[in-house]
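A.B. asks: Any chance you could fold what I've pasted below:
(one chain, ligands or ions: 1)
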Amino acid sequence: MMEAVSVFHIGYVPVRGRLILAPMDGYSNLPFRSICRELGSALSYTEFINALDILQSHPRIFRKFAFLPQERPVVFQIFDSDPQRLLEVALRLQEYEPDVIDINMGCSDNNVAFRGAGAGLLRSPETVATIFRTLTRALNVPVSGKIRLGWDEQTRNYLQIARIVEDNGGALLAVHARTRSQKYAGRADWDAIAEVKQSVSIPVVGNGDVCSLGDVEAMLNHTACDGVMIGRAAIGNPWIFSGLNREAVPFDRVYFVMRDHLQRMLDFYHGEYGLVLFRKHARRYLSLYSLPPDLMRCLMTTDSVPEFLESLHLVGNYL
Ligand SMILES: Cc1cc2nc3c(=O)[nH]c(=O)nc-3n(C[C@H](O)[C@H](O)[C@H](O)COP(=O)(O)O)c2cc1C
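C.D. replies: All right, here's what the predicted structure looks like:
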């Protein structure tokens, strides 16, 4: 298959599409990312990686940044509050040959943000400058950032942060158009994405509340952003990356992809733990259908792969 032409670059890394699966802790692991990438997501962002877990050699941390060659371009996303720790961890992770290293400046979780990491970095523009200056000088791969609009409604400093990222060598900026204090409430402010796009010359990826292909077009038109990042709406609907709305996907296709996804989870997590982690995906794949409660209960609770597959096969009888 011929690869599409590049639509933008992250430094020297060509990106050959506009739709991108968002990094999502607990979801955007290798099995789900690789499916989305095959269906058309143009980049593979890992779940966020805690720098402290790398420094302390957390036993299962390798799973967070394992990737398949066909997922490239691959973006490793890391979070911490301290520029030197981020540098040390980025240098270590560079050995695993990601295409890009991304700094998380958007996580709104209190445990992360109140220790000055994730969206907590937005409160310290000087630290953001130091992080980007230090990492872009020391690394061989481009460095990108993912931000929110600010810490809260009183401090929406996204334009300042965007310019700092660009001025200090950052190669791409993804913007989740909410503040930290909004978490996921309210509407994403796409006007702010448009402002960022006008203020910097590095590529800008817009993010927040894109639920359908109509929303993709609307965001591209509204903001002129270079790429559109899709998070929650891609869970249970990886077909959005191939230009299909969920309602247009026939059940035999859903069934095939669910089995494939489950198999990738079983392979990656070595056995039935993969099934346990797959349940939340399964719930979303099946959310369009009204299924008998007993059948759903079995699908959501069984630890047996054969029993899960048998129940999944029965779903077709209720459509
Ligand atoms: C379950 C979950 C986990 C997330 N984990 C991350 C993460 O690890 N790194 C990150 O930058 N953003 C993370 N996010 C935020 C998403 O990348 C995205 O910015 C947000 O969901 C808004 O996009 P959406 O409206 O398309 O879902 C997460 C979001 C969700 C719902």
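
A.B. asks: In the chain, what residue spans correspond to strands?
C.D. replies: Ranges of strands in the chain, per DSSP state E, are 8-10, 13-15, 19-21, 44-45, 49-50, 74-79, 100-105, 143-147, 172-176, 204-207, 227-230.

A.B. asks: Which neighbouring elements make contact with the fourth one?
C.D. replies: Contacts of strand 44-45 with other secondary structure elements, assessed using 3 or more CB pairs under 8 Å, 6 or more residues apart in numbering; DSSP states H and E, are made with strand 19-21, helix 30-39, strand 74-79. Quick note: C-beta positions are derived from backbone N, CA and C, even for glycine.

A.B. asks: can the strands of the chain go into CSV with extra columns for mean neighbour count and distance to the ligand?
C.D. replies: What follows is the strands of the chain, written out as CSV (neighbours: other CB atoms under 10 Å; distance: least, CB to the nearest ligand atom, whole Å):
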stretch, mean neighbour count, distance to the ligand
strand 8-10, 20, 16
strand 13-15, 19, 17
strand 19-21, 26, 9
strand 44-45, 26, 7
strand 49-50, 22, 9
strand 74-79, 25, 6
strand 100-105, 26, 5
strand 143-147, 26, 5
strand 172-176, 29, 4
strand 204-207, 28, 5
strand 227-230, 24, 5
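
A.B. asks: for the ones you listed, which one sits closest to residue 281?
C.D. replies: Of all those, it is strand 19-21 that lies closest to residue 281, at 13.1 Å by CB to CB.

A.B. asks: Quick check: pLDDT value at residue 271.
C.D. replies: As predicted, residue 271 sits at a pLDDT of 86.

A.B. asks: Let me fix that, I meant to ask about residue 45.
C.D. replies: With respect to pLDDT, residue 45 scores 98.

A.B. asks: Specify the beta-bridge partners of it.
C.D. replies: Residues in a beta bridge with residue 45, per DSSP bridges, are residue 75.

A.B. asks: Now do the same contact list for it.
C.D. replies: Residue 45 makes contact with 20, 21, 22, 23, 28, 33, 75, 77, 102, according to CB atoms under 8 Å, 6 or more residues apart in numbering.

A.B. asks: Test my guess that residue 25 contacts residue 48.
C.D. replies: Yes. Look at residue 25 against residue 48 with CB atoms under 8 Å: they come within range, at 5.8 Å.

A.B. asks: residue ranges of the helices in this structure, please?
C.D. replies: Listed in chain order, the helices of the chain (DSSP state H) span 30-39, 51-55, 62-65, 83-94, 110-113, 125-138, 158-167, 190-199, 213-223, 251-268, 272-285, 293-301, 305-315.

A.B. asks: just the residues of this protein that are near the ligand, which are they?
C.D. replies: Residues of the chain that fall close to the ligand, judged by CB under 6 Å from any ligand atom: 22-27, 47-48, 77, 104, 106, 146, 176, 207-210, 230-233.

A.B. asks: Neighbour count says what about the residues you listed? Which are buried?
C.D. replies: By neighbour count, with 16 or more other CB atoms under 10 Å, the residues of the chain next to the ligand hold 22-25, 27, 47-48, 77, 104, 106, 146, 176, 207-210, 230-233 as buried.

A.B. asks: Take the helices and strands packed on strand 44-45 and lay them out in TSV including distance to residue 188 and mean pLDDT.
C.D. replies: Formatted as TSV, these follow (distance: least, CB to CB, whole Å; pLDDT from 0 to 100):
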stretch	distance to residue 188	mean pLDDT
strand 19-21	15	98
helix 30-39	20	98
strand 74-79	19	98
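
A.B. asks: need the helices of the chain in CSV with mean neighbour count, can you?
C.D. replies: Putting these into CSV (neighbours: other CB atoms under 10 Å) gives the following:
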stretch, mean neighbour count
helix 30-39, 22
helix 51-55, 17
helix 62-65, 16
helix 83-94, 18
helix 110-113, 17
helix 125-138, 18
helix 158-167, 20
helix 190-199, 20
helix 213-223, 16
helix 251-268, 16
helix 272-285, 18
helix 293-301, 14
helix 305-315, 16
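
A.B. asks: that older thread, quick one: which of the helices and strands packed on strand 44-45 is nearest residue 274?
C.D. replies: Residue 274 sits nearest to helix 30-39 of all those, at 7.9 Å, using CB to CB.

A.B. asks: ok, and the closest non-adjacent residue to whichever residue of the chain sits closest to the ligand?
C.D. replies: Closest contact between the chain and the ligand, by CB to the nearest ligand atom, is at residue 231 (2.8 Å). Closest residue to residue 231 apart from its sequence neighbours, by CB to CB, 6 or more residues apart in numbering: residue 22 at 3.4 Å.
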